[in-house]
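Colleague: need a 3D model of the following:
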Amino acid sequence: MTVLLMIGTRKGLWIARGNDDRRGWDLGDPHFLMQEIPACAIDIRGGTRLLVGARSEHWGPSVFHSDDYGSTWNEPDGGAVRFPAEVDAAVKAVWQLSPDTEARTGTVWAGTEPSALWRSDDGGETFALVDGLWDHPHRPTWKPGGGGQAIHTVLPHPTDDEQVLVAMSTGGVYRTGDRGRSWTPSNTGIKAYFLPDPWPEYGQCVHKVARDAADRDRLFAQNHHGVYRSADGGSSWTSIAAGLPSDFGFPMVAHPSRSGTAWVVPLVADGERVPPAGRLAVWRTTDAGDSWSSASAGLPQEEFFASVLRDAFTADDVGDPTGLYLGARDGSVYASADEGESWSEIARHLPDILCLRAATVP
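Modeller: Numbers count the residues shown, from 1 in each chain. Got it, this is the predicted structure:
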């Protein structure tokens, strides 16, 4: 077994390979050096395809793909993600790349800035705008969060081909039950303390949403101050922040095969985006958010002030135990082979870590 780890940074992409026990790692040379990599994906449905959302200061954003583990990269003429000529908008960055389920081989979703959803049916080579969400009457009133106005979460339903959930900052959670033709805001119970009405229909700054491994209607969300669970596919949300040192953070990672298990990385607050007491720790729930416990062995515990961004924390597909991977804005990357109980540093002094993706490959 080899675990492939893609590391997207502010100045390029690195690819690491882990050995059988996920404790020894080889880090390759950079790809797309000096390009921002806010999104990447490993599509292992019927082969191994690497997908990268890259942004050049000169050429702008695009999606590249590789079928030989990064030895060569391909991009269609004119770019993979671009608005139709009649739409008065331009893609600023690709924030999310999400392969669909095994049953829908070839379908890949993309979320961009400005907040738009895109679908590819050729494995991520070309993407078409999902008009139903772009034409939603709420869209003109969506506002940018601190990092921009973008869709950062795309969750196709594992068994229902018609259902897709997206989350954006800001705007909140939206769902479709007709494969993207119409969309409904799904934020009941998520608080937007920064708005005059803290319980709006939409406008929340949701940072990340993850789906439970077995209960497909159970979702976990990390909000801009708030950690939530939904038991009904996103129709309503309840707080599960009790027991955490803070309800502010960016990532939310669900176990790929064990129900009720998820991880977060708390930061002090929106105005103090550093780990509490300068100690990096990962917090885990095994009962769907009813209780939390922390683990920090191997993580820096003195004067650590770098944050972990929404897609800079991920799990592999090994199962039980799953491997976890965490990257920080100081350019360090950590791996855990025991579901977060202990960590080892596998890279340091890289540029600002923006996204991580891991999967087992031949």
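Colleague: quick one: contacts for residue 341?
Modeller: For residue 341, the contacting residues are 295, 297, by Cβ atoms under 8 Å, 6 or more residues apart in numbering. In this view, the C-beta of every residue, glycine as well, is placed from N, C-alpha and C.
Colleague: whoops, residue 358 was the one
Modeller: Residue 358 makes contact with 3-6, 42, 314-317, 323, 325 under the criterion Cβ under 8 Å, 6+ apart.
Colleague: I'd say residue 30 and residue 15 touch.
Modeller: No. With contact defined as Cβ atoms under 8 Å, residue 30 does not reach residue 15; the gap is 9.1 Å.
Colleague: quick revisit: where's the dip in pLDDT among the contacts of residue 358?
Modeller: Among the contacts of residue 358, residue 317 has the lowest pLDDT, at 91.
Colleague: list the contacts for that one?
Modeller: Counting by Cβ under 8 Å, 6+ apart, residue 317 makes contact with 44, 256, 358-360.
Colleague: which two from those residues end up farthest apart in space?
Modeller: Taking Cβ to Cβ, the two most distant members of the contacts of residue 317 are 44 and 256; they sit 12.4 Å apart.
Colleague: mind saving the C-alpha coords of stretch 231-245 as CSV?
Modeller: Backbone C-alpha positions of stretch 231-245 (Å, rounded to 0.1, in the frame of the first residue of the first chain) are rendered in CSV as follows:
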residue,chain,number,x,y,z
ALA,A,231,-29.5,14.8,11.5
ASP,A,232,-31.7,15.5,8.5
GLY,A,233,-29.4,16.2,5.6
GLY,A,234,-29.0,19.9,6.3
SER,A,235,-32.6,20.9,6.9
SER,A,236,-31.8,21.9,10.5
TRP,A,237,-28.7,22.2,12.6
THR,A,238,-27.9,22.0,16.3
SER,A,239,-24.8,23.2,18.2
ILE,A,240,-22.2,20.5,19.2
ALA,A,241,-19.6,23.0,20.4
ALA,A,242,-19.9,22.2,24.1
GLY,A,243,-16.6,20.6,25.3
LEU,A,244,-14.4,22.4,22.8
PRO,A,245,-12.0,25.1,23.8
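Colleague: give the buried residues for it.
Modeller: By 16 or more other Cβ atoms under 10 Å, the buried positions in stretch 231-245 come out as 233-234, 237, 240-241, 244-245.
Colleague: then stretch 274-292?
Modeller: By 16+ other Cβ under 10 Å, the buried positions in stretch 274-292 come out as 274-276, 279-286, 288-289, 292.
Colleague: can you show me the helices along the stretch 101-250 of the chain?
Modeller: 131-134 (DSSP state H, counting those that start in this stretch).
Colleague: picking up where we left off before, export the buried residues of stretch 274-292 to CSV and tack on secondary structure?
Modeller: Shown next, in CSV, are these (DSSP: H, G, I helix; E, B strand; the rest coil):
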residue, secondary structure
274, coil
275, coil
276, helix
279, coil
280, coil
281, coil
282, strand
283, strand
284, strand
285, strand
286, coil
288, coil
289, coil
292, coil
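Colleague: of the residues you listed, which is the nearest to residue 153?
Modeller: Set against residue 153, the nearest of the buried residues of stretch 274-292 by Cβ to Cβ is residue 289 (17.7 Å).
Colleague: residues in contact with that closest one?
Modeller: Here residue 289 is in contact with 220, 227, 229, 240, 262 (criterion: Cβ under 8 Å, 6+ apart).
Colleague: excluding its backbone neighbours, what's nearest residue 90?
Modeller: residue 83 (6.6 Å; Cβ to Cβ, 6 or more residues apart in numbering).
Colleague: any idea how far residue 128 is from the one you found?
Modeller: 10 Å (Cβ to Cβ, to the nearest Å).
Colleague: cool, residue 46 as well?
Modeller: Counting by Cβ to Cβ - residue 46 and residue 128 are separated by 21 Å.
Colleague: any idea what the spatially most central residue of the chain is bridged to?
Modeller: Nearest residue to the geometric centre of the chain (Cα atoms, centre = their mean): residue 311, 3.8 Å. Beta bridges link residue 311 to residue 355, judged by DSSP bridges.
Colleague: didn't it look like it was pressed against residue 152?
Modeller: Yes. With contact defined as Cβ under 8 Å, residue 311 counts as touching residue 152 (7.1 Å).
Colleague: what is in contact with these two at once?
Modeller: Among the neighbours of residue 311, those also in contact with residue 152 (Cβ under 8 Å, 6+ apart) are 96, 208.
Colleague: returning to what we had before: distance to residue 58 and secondary structure added to the contacts of residue 358, as CSV?
Modeller: CSV is the format used below for these (distance: Cβ to Cβ, whole Å; DSSP: H, G, I helix; E, B strand; the rest coil):
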residue, distance to residue 58, secondary structure
3, 34, strand
4, 29, strand
5, 28, strand
6, 23, strand
42, 27, strand
314, 29, strand
315, 35, strand
316, 34, coil
317, 36, coil
323, 36, coil
325, 31, strand
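Colleague: which of those are buried?
Modeller: By 16+ other Cβ under 10 Å, the contacts of residue 358 give 3-6, 42, 314-316, 323, 325 as buried.
Colleague: and which of these is nearest to residue 168?
Modeller: Using Cβ to Cβ, residue 314 comes nearest to residue 168 of the buried ones among the contacts of residue 358, at 19.7 Å.
Colleague: check contacts around the nearest residue to the closest one once chain neighbours are set aside.
Modeller: The spatially closest residue to residue 314, leaving aside those adjacent along the chain, is residue 356, at 4.6 Å (Cβ to Cβ, 6+ apart). Applying Cβ under 8 Å, 6+ apart to residue 356 gives the contacts 5-8, 40, 311-314, 325-327, 333.
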